[in-house]
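[1] Okay, here's the prediction I keep looking at, along with the sequence it came from:
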Amino acid sequence: MSVWLGGDEADAIYLGADPVDAVYLGEDQVWPVGGIEYIGSNWNGGTTVVLPSHQAGDFLLFYAINGAFSTPSLPAGKTNIANGGTFGAYVRVGYLIAASSSEVSGTWSNASHLHVMVFRGAVKGVHAGGGTVSANWPALSGFSTDAWVVRLCAGGGVNLTAPAGFTGRGGATSGSYRTQGFDTNGPLGATSVAQVAMSPSTNSVPITIALEPV
């Protein structure tokens, strides 16, 4: 189902002077047709995390960090995106395309903190970072203008703020490493994003990922 004006599908819908991002009929998005949808996030100071509500086909993005000596393991069934780091910050990033509405995180052994973000109508695109320590969100290019961009990191004892143009999706607010997730909350409309310093400044293992629509 979509929204039509006469014989033409609507390109934009406004509430007063403000454009709306989407129109829902109950829990079902009916406009715009297709595209990516943010579903939810969760995080936990341990090797597992309770997943937000999800359904078959959803894209589940995981960020695991160990604040000591070991890279977190990749549970069976998950696909590795990146891993690496150095003493005090070892990270693994992975994903799962849900086969049902009852998936579990699995155990990310050695993780001292685990974060998950859930998107609908998405597949993984290009990425940068996730393997080396830096105080900057990595630049990224080579994705479509329909892609959403996601940035994930764990601030070393600080609560990271959203980079310009990104929406905060929550995260830990206490502890030595506080995972935070951000996304563009819609298609970026460009094919690249620049490197930008994390704020407050912190050295950790950030990653920038493009999600392409299915």
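    Alright, I've got the coordinates.

[2] What's the local residue count around V20?
    The criterion is other C-beta atoms under 10 Å. On that basis, V20 has 11 neighbouring residues. The way it works is simple: take the backbone N, C-alpha and C, and place the C-beta from them, glycine included.

[3] pLDDT wise, what is it at?
    Reported pLDDT at V20 in the predicted model: 72.

[4] Tell me the secondary structure at S199.
    Taken by DSSP: H, G, I helix; E, B strand; the rest coil, the conformation at S199 corresponds to coil.

[5] if I pick it, what's in contact with it?
    Residues near S199 by C-beta atoms under 8 Å, 6 or more residues apart in numbering: 160-161, 163.

[6] Let me know the closest of those residues to A147.
    For those, the residue nearest A147 by C-beta to C-beta is P163; the value is 16.0 Å.

[7] Can you tell me the element the residue most central in space within the chain falls in?
    Closest residue to the average C-alpha location of the chain: V150 at 4.5 Å, with C-alpha atoms, centre = their mean. In the assignment (DSSP states H and E), V150 maps to strand 148-156.

[8] packing partners for that strand?
    Applying 3 or more C-beta pairs under 8 Å, 6 or more residues apart in numbering; DSSP states H and E, we find strand 148-156 packed against strand 59-66, strand 89-97, strand 113-120, strand 177-183, strand 207-213.

[9] Just put these in JSON lines and tack on distance to P75.
    Shown next, in JSON lines, are the helices and strands packed on strand 148-156 (distance: least, C-beta to C-beta, whole Å):
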{"stretch": "strand 59-66", "distance to P75": "9"}
{"stretch": "strand 89-97", "distance to P75": "8"}
{"stretch": "strand 113-120", "distance to P75": "10"}
{"stretch": "strand 177-183", "distance to P75": "17"}
{"stretch": "strand 207-213", "distance to P75": "18"}
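
[10] who wins for proximity to G156 among those?
    G156 sits nearest to strand 177-183 of all the helices and strands packed on strand 148-156, at 6.2 Å, using C-beta to C-beta.

[11] List the neighbouring strands of the closest one plus their orientation.
    Here strand 177-183 is paired, per DSSP bridges, with strand 148-156 (antiparallel), strand 167-171 (antiparallel).

[12] quick revisit: quick check: beta-bridge partners of the residue nearest to the centre of the chain?
    Taking DSSP bridges as the rule, V150 bridges to D183, I209.

[13] ok so, going back, and among the strands paired with strand 177-183, the most buried is which?
    Ranked by mean neighbour count, the strands paired with strand 177-183 are led by strand 148-156 with a mean of 26 (mean count of other C-beta atoms under 10 Å).

[14] what angle sits between that one and strand 113-120?
    Here the directions of strand 148-156 and strand 113-120 differ by 170 degrees (axes from the mean of the first three to the mean of the last three C-alpha atoms, to 10 degrees).

[15] from the chain's centre, how far out does strand 148-156 sit?
    With C-alpha atoms, centre = their mean, to the nearest Å as the basis, strand 148-156 stands 7 Å off its chain's centre.

[16] before we move on, the earlier item: filter the contacts of S199 down to the buried ones, PyMOL style.
    Per 16 or more other C-beta atoms under 10 Å, the buried members of those correspond to this PyMOL selection:
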select buried, resi 160+163
